[in-house]
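Trainee: With the sequence up front, the predicted model follows.
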Amino acid sequence: MATPDLNLLITLDVLLAEGSVARAARRLRLSPSAMSRALARLRDATGDPLLVRAGRGLVPTPRALELRDRVHVLVQDVEAVLRPAAQLDVTQLSRTFTLRTSDGFAENFGPGLLARLGVEAPGVRLRFIQKTDKDSAPLREGAVDLETGIVGDAASPELRTRALFQDRFVGVMRAGHPLSLGKVTLARYASARHILVSRRNLDKGPVDDALASHGREHHVATIAGGFSTALALARGSDLIATVPERHTGSLRAGMHSFPLPFAMPAFTLSMLWHPRMDGDAAHRWLRGCVLDAVC
């Protein structure tokens, strides 16, 4: 046949198992005449009689015997494909997930996430890779399973997103810094020496824009590629870093944090994934773990 009727596979499987048109018809809830027509179609499709009369019954031909086991396996495979997926047992899950995040997210929330996975799913491994841009190609191509970031106008509309938390910027300096002895005013902030965080190696950022609206500017002494680097530099110097509050919570331990003396908009950090992973039970479980880790 130019276009085989795959439903005939089920009919053939039952016919070869039963060796009787009448019994096969009862099993498939068809009339004997309908089953006889189906057998005729199978004979035409395979070019073989398949079942031939011997006395009062039917016996399989050599071709039918050759096909019997193969057809049964095929039918079982098709039924397995169309059957709902079995309930996920994460204790038996063996899989590596790739997460594309900022270094601050991995360092702040990664330990808790790994601790949970170590207890619930010891066969699961996380691969953290640094997010250096907003290109959605790694998600689309399957190189990355999950990503975190700020969902902006440039985000691909095909991606699925789930908000994790809202964050705001705060200032941070080493414990015992001269500015930590009193309130950090706009003038005191602007007069200090600062660390600019820029993954794209820019020499200006959102802080410059916010200060400019007040007719101020600040002195950038150095530029860091990530928040953890900026905090390490601030911890060992008199430089001030401006970082997301929740994003760097554990990284700022032992340092002096303070509210900014000027307004900067809050932002929402989200996780992003490709829609082909929506129905994947293991991926859905991982998304729940990430959400719990930041709550």
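Mentor: Right, received. Where do you want to start?
Trainee: May I ask you to confirm that Lys134 belongs to a strand?
Mentor: No - counting by DSSP: H, G, I helix; E, B strand; the rest coil, Lys134 is located in no strand; its state is coil.
Trainee: Hmm, it is touching Gly149, no?
Mentor: Yes - Lys134 lies in contact with Gly149 (CB atoms under 8 Å); the separation is 6.6 Å. C-beta coordinates here come from the backbone N, C-alpha and C atoms, glycine included.
Trainee: Please identify which of the two sits among more neighbours.
Mentor: For the pair Lys134 and Gly149, the greater number of neighbours falls to Gly149 (20 against 14), based on other CB atoms under 10 Å.
Trainee: Identify the residues contacting that one.
Mentor: Contacts of Gly149 were listed using CB atoms under 8 Å, 6 or more residues apart in numbering, and they are Thr101, Ser102, Lys131, Lys134, Leu269, Ser270, Leu272.
Trainee: of those residues, closest to Gly225?
Mentor: Distance from Gly225 was checked for each of the contacts of Gly149 by CB to CB. The minimum falls on Ser102, at 10.2 Å.
Trainee: Hmm, the closest one is touching His247, no?
Mentor: Yes - look at Ser102 against His247 with CB under 8 Å: they come within range, at 7.4 Å.
Trainee: what sits in contact with each of the two?
Mentor: Common neighbours of Ser102 and His247, using CB under 8 Å, 6+ apart, are Phe227.
Trainee: show me where the stretch 101-250 of the chain has helices.
Mentor: 103-120, 137-141, 186-191, 206-212, 227-235 (DSSP state H, counting those that start in this stretch).
Trainee: closest to His256 out of the ones you listed?
Mentor: For His256, the closest of these is helix 227-235, at 9.7 Å, according to CB to CB.
Trainee: From the chain's centroid, how far away is the closest one?
Mentor: Shown here is helix 227-235, whose average C-alpha point lies 29 Å from the average C-alpha point of the whole chain (CA atoms, centre = their mean, to the nearest Å).
Trainee: which outside residues touch it?
Mentor: Taking contacts as CB under 8 Å, 6+ apart, the residues outside helix 227-235 that touch it are 102-104, 107, 172-174, 195, 197, 222, 224, 239-241, 243-244, 247-248, 251-252, 254-255.
Trainee: what's the answer for stretch 17-24, then?
Mentor: 11, 14-15, 27, 32, 35-36, 39, 51, 57-60, 68, 72.
Trainee: just for this structure, where's the confidence low?
Mentor: 1-2, 84-86, 152-156 (pLDDT under 70).
Trainee: where do the strands sit along it?
Mentor: Remark: strands assigned in the chain by DSSP state E are 51-54, 57-60, 95-101, 124-130, 146-150, 160-167, 169-173, 193-197, 219-224, 240-244, 256-259, 267-273.
Trainee: Would you mind finding the most buried of those strands?
Mentor: Per-stretch averages of neighbours, counted by mean count of other CB atoms under 10 Å, single out strand 240-244 among the strands of the chain, with a mean of 24.
Trainee: And that strand, how far out from the chain middle?
Mentor: The mean C-alpha position of strand 240-244 is separated from the chain mean by 29 Å, CA atoms, centre = their mean.
Trainee: CA atoms only for that strand, dumped as PDB, please.
Mentor: What follows is strand 240-244, C-alpha atoms only, in PDB (Å, rounded to 0.1, in the frame of the first residue of the first chain):
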ATOM      1  CA  ILE A 240      31.400  50.700  47.300                       C
ATOM      2  CA  ALA A 241      29.400  48.300  45.200                       C
ATOM      3  CA  THR A 242      25.700  48.600  44.200                       C
ATOM      4  CA  VAL A 243      24.100  45.200  43.900                       C
ATOM      5  CA  PRO A 244      20.700  43.500  43.900                       C
END
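Trainee: most distant residue from the middle of the chain?
Mentor: Most distant residue from the mean C-alpha position of the chain: Gly55, 62.5 Å away (CA atoms, centre = their mean).
Trainee: for it, what are its contacts?
Mentor: By CB under 8 Å, 6+ apart, the contact set of Gly55 is empty.
Trainee: Double-check Arg95 against Ala282; I have them as touching.
Mentor: Yes - Arg95 is within contact range of Ala282, at 5.9 Å (criterion: CB under 8 Å).
Trainee: Can you pick out the most distant pair from the contacts of stretch 17-24?
Mentor: Spatially, the most separated pair among the contacts of stretch 17-24 is Pro32 and His72, at 22.8 Å (CB to CB).
Trainee: Excluding residues flanking it in the chain, which one is nearest Asp103?
Mentor: The shortest distance from Asp103 to any non-neighbouring residue, by CB to CB, 6 or more residues apart in numbering, is to Gly226 (4.4 Å).
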